[in-house]
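Novice: sequence plus the predicted model coming up.
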Amino acid sequence: MEILVPGVQTTVQDHPGRTGLQARGFFPSGPVDGFAFRAANLLAGNDPRHAGLEITQGGFAARFRCHARAALCGAEGAAPTLGGEPVPLWQTFAVRPGDELVCEAAKGPGFRLYLAVSGGIDVPEVLGSRSVHTLAGIGGVDGRPVLRGDVLPLGRAAEAPLLRLPQSLRPAYHTHWELEVVRGPHGDPGFLTAEGWREFTSRTWRVDLNSDRLGVKLDAHALAWARPDGGVAGGHPSNVLDVSYPVGGVTVIGDVPTVLGPDGPTSGGYTVIATLAHACLWKLGQMRPGRDTVRFREISLAEADALAAHTEFALQRGRLERLEPAGPAGAAAPAAPV
C-alpha cells in the first residue's frame with residue numbers, strides 16, 4: 001500500500017500495543033480509539049493484534065498494489081471513496097491493484113479514522129509491538145508518522161468475507177462527551193475537597209487545541225483543594241512527589257486537567273484525581289481539539305467492569321453481519337450473522 005497523502009498525522013498502530021513496559025518508561029501506544037481500530041481489524045478478517053493505520057482528522061489517500069480486503073471505521077464526514085465510488089464505514093470492502101482510497105478532512109463528529117487491511121501492515125516489531133510511540137520515536141515506519149511515498153508491506157492473508165458491524169453495536173460520536181471515571185488515586189478528601197470533586201464532575205470542560213496522543217488537555221479552572229500547597233513536593237496543591245501514572249488518568253497540573261493518552265508520560269509529580277474506565281478510553285480518540293466539550297461522571301468499579309463487558313460483547317466476531325457480494329449498483333445486501 002503506497003501512501004499518496006499522509007494527512008495531519010497517520011501512524012501505524014496495533015492493539016493493545018507495547019504492554020508491560022510502564023516500569024521502563026513506556027506507555028503502551030496503540031490506537032487512541034481502540035474500539036474503532038479493533039472493529040476495523042475484525043471486518044478485514046484480521047487478528048486483533050494485526051497492525052493498521054490511525055488517521056488523524058482525515059485528509060488521507062493511499063494506492064493499493066494488491067488484492068485485499070479492507071475496512072475503515074471511525075470519524076464521520078470524511079466522505080471516503082475507492083476509485084471514486086463512496087466507501088461505507090464499519091464495513092468490509094474489496095480492493096484491487098491500482099485502487100486509490102481517498103478520505104477528505106473529517107467534519108465529524110469524531111476525529112480519527114482507522115484503516116485495516118487483510119494481513120495487517122507488516123512492519124518490524126519494536127519491544128513487542130509495531131505501534132508508533134510518538135514521544136519515543138519507535139515502532140511503525142522508522143518511529144515516525146507515515147510520509148508521502150512510503151510503501152507499507154502487508155502480511156499474507158486468506159480472502160475474508162464481506163462483513164458489517166450492525167448499526168446497533170456501533171459507538172455514538174458526539175461533540176459534547178461524557179467520560180466515566182473512577183475517583184482517585186488522588187481524590188478527596190486528602191487532596192480535593194468534596195466541593196472540588198463536585199466542581200470537577202459537574203463542570204463542562206472544553207478540549208484544548210493542544211491535545212494529541214500524549215494527552216487530552218482541558219481548559220484551566222481553579223479547583224477547590226483540601227490543602228494549601230504540595231508540601232515538600234512543591235508550592236501548588238496539585239504537586240506530589242513523583243508517582244506512577246495510569247493510562248487514562250486525569251492529572252491536574254496547577255489548574256489544568258489533562259487526560260493521559262497512550263503515548264503519555266508514565267510518571268510525574270502531579271495529582272491524578274480520577275482515572276477513566278477502560279471501556280471509555282476510546283472516546284479520547286474521537287474528541288476534537290478546540291471544539292468538543294466533555295463532562296465527567298463518577299462510576300463504581302463494578303460499573304466499570306460492566307461497561308468493559310458491554311464493549312467486548314460488541315466486538316465479538318459472531319456479532320458481525322455477513323454481506324452478499326456487491327450487485328450491479330455497487331450495494332452490498334445483508335445475508336446473515338457470521
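Specialist: Thanks, I have it. Only a predicted model underlies this, so the values are computations on that prediction, with no experimental measurement involved.
Novice: and residue 131, how far from residue 17?
Specialist: Residue 131 sits 5 Å away from residue 17, going by CB to CB, to the nearest Å. For the C-beta atoms, the positions are set from N, CA and C on the backbone; glycine is no exception.
Novice: do the same with residue 240
Specialist: The gap separating residue 240 from residue 17 is 27 Å, by CB to CB.
Novice: those two - which one has more neighbours?
Specialist: Here residue 240 and residue 17 are compared on neighbour count by other CB atoms under 10 Å; more neighbours surround residue 17, at 25 against 20.
Novice: and the next helix or strand past the longest helix along the chain?
Specialist: Criterion DSSP state H: the longest helix present in the chain is helix 301-314. Sequence-wise, the next helix or strand downstream of helix 301-314 (DSSP states H and E) is strand 321-323.
Novice: for that next one, what is the distance to the chain centroid?
Specialist: 25 Å (CA atoms, centre = their mean, to the nearest Å).
Novice: report the strands that pair with it, each with its relative direction.
Specialist: strand 163-164 (antiparallel), strand 334-337 (antiparallel) (DSSP bridges).
Novice: hmm, who's touching the first one?
Specialist: Spelled out, it's strand 163-164. Strand 163-164 is contacted from outside by 42-43, 45, 71, 88, 90-92, 320-323, 332, 334, 338, using CB atoms under 8 Å, 6 or more residues apart in numbering.
Novice: and the next element down the chain from that strand?
Specialist: strand 176-183.
Novice: which parts of stretch 24-37 are buried?
Specialist: Residues of stretch 24-37 classed as buried by neighbour count (16 or more other CB atoms under 10 Å): 26-37.
Novice: how long is that stretch from one end to the other?
Specialist: Using CA to CA, to the nearest Å, the end-to-end distance of stretch 24-37 comes out at 26 Å.
Novice: list the buried residues in the lengthiest strand in the chain.
Specialist: Counting by DSSP state E, the longest strand found in the chain is strand 267-276. For strand 267-276, the neighbour count (16+ other CB under 10 Å) marks 268, 270-276 as buried.
Novice: returning to that earlier point: from the contacts of strand 163-164, which is closest to residue 281?
Specialist: residue 42 (18.2 Å; CB to CB).
Novice: domain parsing for the protein?
Specialist: Listed domain ranges for the chain are 2-166+321-337, 176-299 (source: automatic domain parsing).
Novice: would you mind giving the ones you listed as TSV with mean pLDDT added?
Specialist: TSV is the format used below for those (pLDDT from 0 to 100):
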stretch	mean pLDDT
domain 2-166+321-337	93
domain 176-299	96
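Novice: which of those domains sits closest to residue 310?
Specialist: Counting by CB to CB, residue 310 lies closest to domain 176-299 out of those; the figure is 6.9 Å.
Novice: returning to that earlier point: want to try a markdown table for the buried residues of strand 267-276, with distance to residue 127 as columns?
Specialist: Putting the buried residues of strand 267-276 into a markdown table (distance: CB to CB, whole Å) gives the following:
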| residue | distance to residue 127 |
| --- | --- |
| 268 | 22 |
| 270 | 26 |
| 271 | 29 |
| 272 | 25 |
| 273 | 31 |
| 274 | 29 |
| 275 | 24 |
| 276 | 24 |
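Novice: looking at those, which is nearest residue 138?
Specialist: Among the buried residues of strand 267-276, and counting by CB to CB, the member closest to residue 138 is residue 268, at 20.7 Å.
Novice: burial measure for residue 239, as a count.
Specialist: Residue 239 - counted by other CB under 10 Å - has 18 other residues nearby.
Novice: what sits against the nearest residue to it once chain neighbours are set aside?
Specialist: Sequence neighbours aside, residue 230 is the residue nearest to residue 239 in space, at 3.0 Å (criterion: CB to CB, 6 or more residues apart in numbering). Contact analysis of residue 230 by CB under 8 Å, 6+ apart lists 236-240.
Novice: list the contacts for residue 255?
Specialist: Residue 255 makes contact with 220-223, 238 under the criterion CB under 8 Å, 6+ apart.
Novice: again, only this time at 7 Å
Specialist: 220-222 (CB atoms under 7 Å, 6 or more residues apart in numbering).
Novice: and if you look at residue 69?
Specialist: So residue 69 contacts 44-45, 92, 94, 118, 159-160 (CB under 7 Å, 6+ apart).
Novice: thinking residue 72 is in contact with residue 87, fair?
Specialist: Yes - counting by CB atoms under 7 Å, residue 72 touches residue 87, with 6.2 Å between them.
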